[in-house]
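Trainee: For reference, the sequence and a predicted model appear below.
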Amino acid sequence: MTTARFRAPRFLVVAGSSLLAFVVRAVLLVHHRPPLFASSDNTWYAAVARSIATGHGVTLDAVTGGRALTFRFPPAYPALLAAGQHLLFWVRATDADLWTSAVFGAAAAGVVAALAWRLAAAAKTKGQLVVAAVAGGLFAVNPLLAGASVSLMAESLYVLAVAATLLLVDRLVARATTLDVVLLGIVVGVGALTRSEGLVILGAIVGTGLVVARRRGMGARPWIVVLAIGLAFPLGWSIFASLHAHRTVAVATNSGSLLLGANCPATAHGSDAGFWNFSCLNGTDPRLSAKARAVLAQVNDAAGKNVFSISPVAGARVDAQLNSAQLAEALHRMVHAPGDTVRAVPFRVLRGVGLYWSRDQDSLEYFEGRDHHWEIVGRWFHLLVVLPLAVVALVALVRRRLRGLTTAAGLAPALTSLVMTLLIISLTYGSTRFRVAAEPALAVLAAFGAAVLTVRRSKAVQPAQ
């Protein structure tokens, strides 16, 4: 709905969700500053952001001297943190990073509210307000999402990219404008350069939008342009990284450790079943050259001496060689020990949907910069509020009880994000970091579940006669 009658309440819901989300994240930020350990992901993001902001690009001090390119993770998140450092030039770099990341999370809450408003367009004003307010509110106060925003991890930007993709896909299905096509392509590209699996999940969402649009008689050209723009970002970066690494680099050089750390006996049995374990990374040295082993030994030694600062990096060539070795070892273990791989999948899914966690998971989450108490509250908030309401909405969708609120076609892209998230988790490991791509959809579904329960007597939620 775009008439003046609906603009004011829509603006209030969207702006209110963003403001509430920012306040929650500001409270957490003031009371909890994430530790930046030498080997942790958030330390890398903060160090690279500072490097970009000071004009050194995606480089860090090299263990062999000078500066070296680093492709450990995709560059979009640290690049935007660097922009935040320029905008917030009067505060320290790390503080600027934290506040910038909090803004990403707050913006995502507003986008989720706007998405819910559009998806509930079939409802009367009361139903539309309930869905949008609940979706934005749940997303805003969710402790897990607040924790992700201020831990200096890429999830704060990634969840915004996913929410914006869902919103723009819905706009494109309704009417394909040039501005929406370009914006959606850029969002997909940025999302693909935020997390390594971004192109897969966001591409699947766009693909679902294409199917819905084709069923409505629309042309495929706008969607092809979106995918072309989105693919150009990771493709260009991968070519750049591969040329400097002298071997193929697909967006980043951490995919090998990601897969290897989730596939060994320690992650198939015991308390780490379905999760990730550092001990799984052992055993790749025979695949590395003597020079690479020597450089990595220097890196590990430097990391032990500098616990709370980024250690010197090995350089693009050594990092890419290590990634290739770890990826090959992970695939070898998966093929030659398929029983362990299959056994881990149910545990991965249980962890991914928030029904199971362990003490080792708590330790790793602290190492990644999240506050343990907020994580505990967030888990129960997810289990007792978000997940049950989302299930109510899914049941209502199957029973055609959402006809007065929305359509299955409208929810299709969001449902795709859920399916793709579960698939990624099944192939890697269960973690709230991987579930982040599903959080916008879960918040929207929970809002529809709340609408089914609270305004079910309204004609807006009655099945079509």
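Mentor: Here it is on my side, so go on. Because the structure is predicted, anything quoted here is derived from the model rather than measured.
Trainee: so where's the protein shaky on pLDDT?
Mentor: Judged by pLDDT under 70, the chain has its weakly predicted residues at 1-6, 303-308, 455-465.
Trainee: can you give me the strands in the chain?
Mentor: Counting by DSSP state E, one finds strands in the chain at the ranges 59-61, 67-69.
Trainee: Let me know which of those is the nearest to Arg359.
Mentor: strand 59-61 (32.4 Å; C-beta to C-beta). The way it works is simple: take the backbone N, C-alpha and C, and place the C-beta from them, glycine included.
Trainee: Redo the strands of the chain as TSV? Include distance to Arg195 and mean neighbour count.
Mentor: Putting the strands of the chain into TSV (distance: least, C-beta to C-beta, whole Å; neighbours: other C-beta atoms under 10 Å) gives the following:
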stretch	distance to Arg195	mean neighbour count
strand 59-61	20	19
strand 67-69	20	18
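Trainee: May I see these arranged in a markdown table, with distance to Thr100 as well?
Mentor: Formatted as a markdown table, these follow (distance: least, C-beta to C-beta, whole Å):
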| stretch | distance to Thr100 |
| --- | --- |
| strand 59-61 | 20 |
| strand 67-69 | 23 |
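Trainee: So which of those is nearest Leu364?
Mentor: strand 59-61 (23.0 Å).
Trainee: Now tell me what touches the closest one from outside.
Mentor: If you take C-beta atoms under 8 Å, 6 or more residues apart in numbering as the criterion, strand 59-61 is touched by Ala47, Val48, Ser51, Arg67, Ala68, Leu69, Thr70, Ile310, Pro312, Val313.
Trainee: tally of neighbours for Val249?
Mentor: Each residue near Val249 was counted by other C-beta atoms under 10 Å, and the total is 23.
Trainee: my read: it touches Leu243, true?
Mentor: No: the criterion here is C-beta atoms under 8 Å, and Val249 misses it with Leu243 at 9.0 Å.
Trainee: before we move on, back to that, give me the buried entries from the contacts of strand 59-61.
Mentor: Ala47, Val48, Ser51, Ala68, Leu69, Thr70, Ile310, Pro312, Val313 (16 or more other C-beta atoms under 10 Å).
Trainee: can you tell me which two in these are farthest apart?
Mentor: Leu69 and Ile310 (14.5 Å).
Trainee: Give me the phi and psi for Thr54.
Mentor: Dihedral pair for Thr54: phi -90, psi 10, per degrees, to the nearest 10.
Trainee: Return the residues in contact with it.
Mentor: Counted by C-beta under 8 Å, 6+ apart, Thr54 has zero contacts.
Trainee: Setting aside sequence neighbours, what's the nearest residue to Pro388?
Mentor: Gly449 (7.5 Å; C-beta to C-beta, 6 or more residues apart in numbering).
Trainee: Contacts only, for the one you found.
Mentor: Pro388, Leu389, Ala390, Val391, Val392, Ala393, Ala396.
Trainee: Which one of the residues you listed is nearest to Arg195?
Mentor: Using C-beta to C-beta, the contacts of Gly449 come closest to Arg195 at Ala390, 22.3 Å.
Trainee: could you check the distance from the closest one over to Leu402?
Mentor: 13 Å (C-beta to C-beta, to the nearest Å).
Trainee: neighbour-wise, which of these two wins?
Mentor: For Ala390 versus Leu402, neighbours defined as other C-beta under 10 Å are more numerous around Leu402 (28 against 25).
Trainee: right, and the more buried one touches Ala393 too?
Mentor: Yes: contact criterion C-beta under 8 Å: Leu402 and Ala393 qualify, at 7.0 Å.
Trainee: Buried among the contacts of Gly449? Need that as a selection in PyMOL.
Mentor: Burial among the contacts of Gly449 is assessed by 16+ other C-beta under 10 Å; the matching PyMOL selection reads:
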select buried, resi 389+390+392+393+396
